[in-house]
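> sequence and predicted structure are below.
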Amino acid sequence: MFRAFASLLLAAAVVLGAPLHAYANDLVVALTADVLGLDPADLNDNISQSATRLMFDGLYRLDHDMKLVPDLATSYEANEDATEFTFHLRKGVMFQDGTPFNAQAVKFSFDRAGNPANHLKRQSLFSMVAHTDVVDDYTVRVVLKYPFGAFVNDIAHPGAQIVSPKSVQQYGKDVARHPSGTGRYELVSWSADTLVMKKNPNYWAGAPKIDTITYRAIPEDGSRMAMLMAGEAQFIYPVPPQLVPTISHDPRIVVFDKPSIFAVYVALNNMRKPFTDVRVRQALNYAVDKQAFIKVVYNGYADPMDSPEPALMDFYKKQGSYSYDPEKAKQLLAEAGYPNGFDDTLTGVNSTLPVRGMEFIQQQLGAVGIRLKVEELEAGVLTAKMFDVQKPSDATITMLYGGWSSSTGDADWALRPLLATSAFPPVLSNLSWYSNPIADKGIQDGLATTDPAKRAAAYATVQAQVWKDGPWIFLAVPHNLAAYVKGLKGAYMRPDAQFDLDPDATLN
Amino acid sequence: MLDYLARRLAGTIPVLLAVSAFSFLFVHLLPGDPARLVAGPDATPADVEAVRQAMGLDKPLIVQYLHYLYDVVHLNLGRSIKTQQTVAELIGQRFMPTFWLTVVSMAWSLVVGIALGVLSGVKRGRWQDQGSMVLAISGLSFPSFWLGLLLIDLFSVRLRWLPTGGYSDWKSLIMPSFTLGVAVAAVMARFTRSAFVEVTAEDYVRTARAKGLRERVVIWKHTLRNALIPVITLAGLQFGFLLGGAIVVETVFAWPGLGRLLVDSVSYRDYPVIQAEILLFSFEFVMINLVVDLLYAVVNPEIRLQ
């Protein structure tokens, strides 16, 4: 009468009173939501991408510290102008469907993902590509339309993973349910809320040690914690900050607590009064106690922002801090002509942590005379409000509580979409309508070369300028909080909030 | 009888047509751009446009509706915007978990609820009545997410008797169906009691007693049979609601049912899935109402179907 799930799930569900580490080599990972698809070029959610990271490889990838490491490529060369990139490919690699990996497969994957006619969600990763050429079976050259210094980071994104051309030809649209990559794990089954993968015995770097990995979608925090404690899951994410104390004393459980690359801030509409005045924007930064914010919203599991980009991003440069100084805030407000503060609306999404954060900001700014109304919106409504604009004067949001995680790990995608003049909505997400020629030039210079020293200098200028201008209330970089059983080694949350495993991860 | 059935079934067609138009308009007029949501937070306009075209949302609304209607008539519910799966497959995967959860919850809560209700009605004002009604009020007042988490903590984390959740074997059904059925049992008990009490005051019950029938016959044959009519109506409604998915219980017990699918689909503006689910729920209600009407005739042969 009931469909049977994979045997390991049944085992996990039925065995009574077993210790937490009884299911050696079968790893169950409990996450919040379902996997939506397994076509790397057509995904933008963390859970699905973390699954394709296990099943597919890219030419390069970002390791657990967001550093670039070679994957299916062994090395690359680029010209000084950052318009031509030549990749040397790993030899003797096979796709899971038995076809060989080679330069043709790379060209096929890039051409497919970048072709607008295919309507794939990660098309923009290839928007700068003019053409991809097969030089020989194991060398591929990508020629760009314009300089793009962050290109190797760009193709380290899961959206640029290499798919078996045969699988796409065979399954068409349904390839999202019939993945074939070169990765460590291959698909066993995928039903409503459960994805089962088994190890790829032919993996080019040696078969992994954990036999199977099962992703389960467990939306309720308490249920996820119960699964871990009952031994039904060996890794859970996320653990809400306020629930960490309930498991941190359990000797069988390890709490994972590492910084993310998710920056949380309030974007102020820099084209609207009173935020046109830099003194007002700075005043708001002085008026908020970031340490208290972190305690209240994240129970201490976050770090204050000290640059427009989080510390784990490429070319990050620490800028100092806006210390908590309500007196100085009041003084700056008075200088700007608002001795009695002003009224405004803080808008954000209606989920637990943002609501808690917005109420905290409301209280803090209230203390310096700024009267805020908090507007909590459903995600779809909020997104429409953010992007249904054609010009700056259309914007209806004046203060937006939000955040950003740069999926490529490079400074460009942490700064350009949020702070460049060319990124005003609806084009990208410059929701503070910030426009500064020095920042714009730095953002452009950073892309115009592949020379790391030149790029670092360019992005240092941008970060300094933005920090000084305060287009946002700089708040915090929360930690990724997960938990796992003691016997599990080498499993972690990447800073971009995707689950991942070291190649030599073990469970016993 | 057959004629009656045929007419009732034919009558569902205009209902479903109206529902399809209404649900189509409803989801398309929701604020929020599905293309934007699907394309993700760091999408460029080109990405968003690619998604919009892939979804056919660049066409006028009326064209989209006619396409939709054409597809539905041909039993093609389309593909989910979110997962690219066919909607039929997606709903098919979720229907059976919801169906079993509903059937088991309804089965035990009907038996327990009606039994408690009859007990209260018969022993009106005595401790059996008060005890049953305390149980019923508690069952109604207990929030199901809390009850669910307490059960998980006791039976899964501490005792390790039952899985915390998921849809696997019969054991996985125990806690969710208990949690879901508690409120239904409570409602049924309260409702049965008041229907019972009402019928007890009727002349024909007095007559039955007066002509010396045994109390058992008076209760089960004369009173309960008549009291059952409103109870069946309510049970049908409850059944219909549960078949629509139980969002809280499905969430707490990680149960892959239709309720969670609907919530997820709404937050993604997954139009084809929302529309198909609403259509399915309407169809289920129409069918349940039909069955309820047939049951009236079974319980009370004086009711004629025509």
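Now that the structure is in, tell me what you want to look at. Numbers count the residues shown, from 1 in each chain, chains lettered A, B, ... in the order given.

> give me every residue that touches the residue in the stretch 351-500 of chain A positioned nearest to chain B.
Going by Cβ to the nearest Cβ, chain B is nearest to A:Gly380 of the stretch 351-500 of chain A, at 2.7 Å. From N, CA and C alone the C-beta is placed, and that goes for glycine too. Neighbouring residues of A:Gly380 by Cβ atoms under 8 Å, 6 or more residues apart in numbering or on different chains: B:30-34, B:37, B:267, B:269.

> so for it, what's the nearest residue that isn't a sequence neighbour?
B:Gly32 (2.7 Å; Cβ to Cβ, 6 or more residues apart in numbering or on different chains).

> all strands of the stretch 101-250 of chain B, in order?
With DSSP state E, counting those that start in this stretch as the criterion, the stretch 101-250 of chain B has no strands.

> in it, what residue is nearest chain A?
B:Pro163 (3.7 Å).

> for that residue, grab the count of nearby residues.
28 (other Cβ atoms under 10 Å in any protein chain shown).

> doesn't B:Lys171 make contact with it?
Yes - in terms of Cβ atoms under 8 Å, B:Pro163 counts as a neighbour of B:Lys171; the distance is 6.1 Å.

> one step back: mind checking pLDDT for the residue of the stretch 101-250 of chain B closest to chain A?
On pLDDT, B:Pro163 comes in at 92.

> can you give me phi and psi for it?
Dihedral pair for B:Pro163: phi -70, psi 150, per degrees, to the nearest 10.

> quick check: it vs A:Ile218, distance?
12 Å (Cβ to Cβ, to the nearest Å).

> before we move on, what about A:Tyr484?
14 Å.

> so the residue nearest to A:Gly380 is in contact with A:Thr383, correct?
Yes - here B:Gly32 reaches A:Thr383: they are 6.2 Å apart, a contact under Cβ under 8 Å.

> rewinding a little: dump the residue contacts of the residue nearest to A:Gly380.
With Cβ under 8 Å, 6+ apart, B:Gly32 has these contacts: A:378-381, A:383-384, B:269.

> that one falls within a helix, correct?
No - in this structure, B:Gly32 is coil, not part of a helix, as judged by DSSP: H, G, I helix; E, B strand; the rest coil.

> what's the nearest residue to residue 40 if we skip its chain neighbours?
Using chain A here. Closest to A:Pro40 by Cβ to Cβ, 6+ apart is A:Gln161, at 4.0 Å.

> that's the wrong chain, I meant chain B
A:Asn44 (3.2 Å).

> before we move on, what about B:Val249?
Here the nearest residue to B:Val249 in space, its sequence neighbours aside, is B:Leu180; by Cβ to Cβ, 6+ apart that works out to 4.7 Å.

> got it, and A:Asp504?
Distances taken as Cβ to Cβ, 6+ apart put A:Gly490 closest to A:Asp504, at 6.1 Å, once the chain neighbours are dropped.

> same check on B:Asp129?
B:Asp129 sits nearest to B:Ser120 (Cβ to Cβ, 6+ apart), 4.3 Å away.

> for that neighbour, give me its contacts.
Residues in contact with B:Ser120 (Cβ under 8 Å, 6+ apart) are B:128-129, B:132-133, B:189, B:192-193, B:196.

> possible to save those as TSV with neighbour count and pLDDT?
Shown next, in TSV, are the contacts of B:Ser120 (neighbours: other Cβ atoms under 10 Å in any protein chain shown; pLDDT from 0 to 100):
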residue	neighbour count	pLDDT
B:Gln128	14	89
B:Asp129	18	90
B:Ser132	23	89
B:Met133	17	90
B:Ala189	28	93
B:Thr192	28	91
B:Arg193	25	92
B:Phe196	24	87
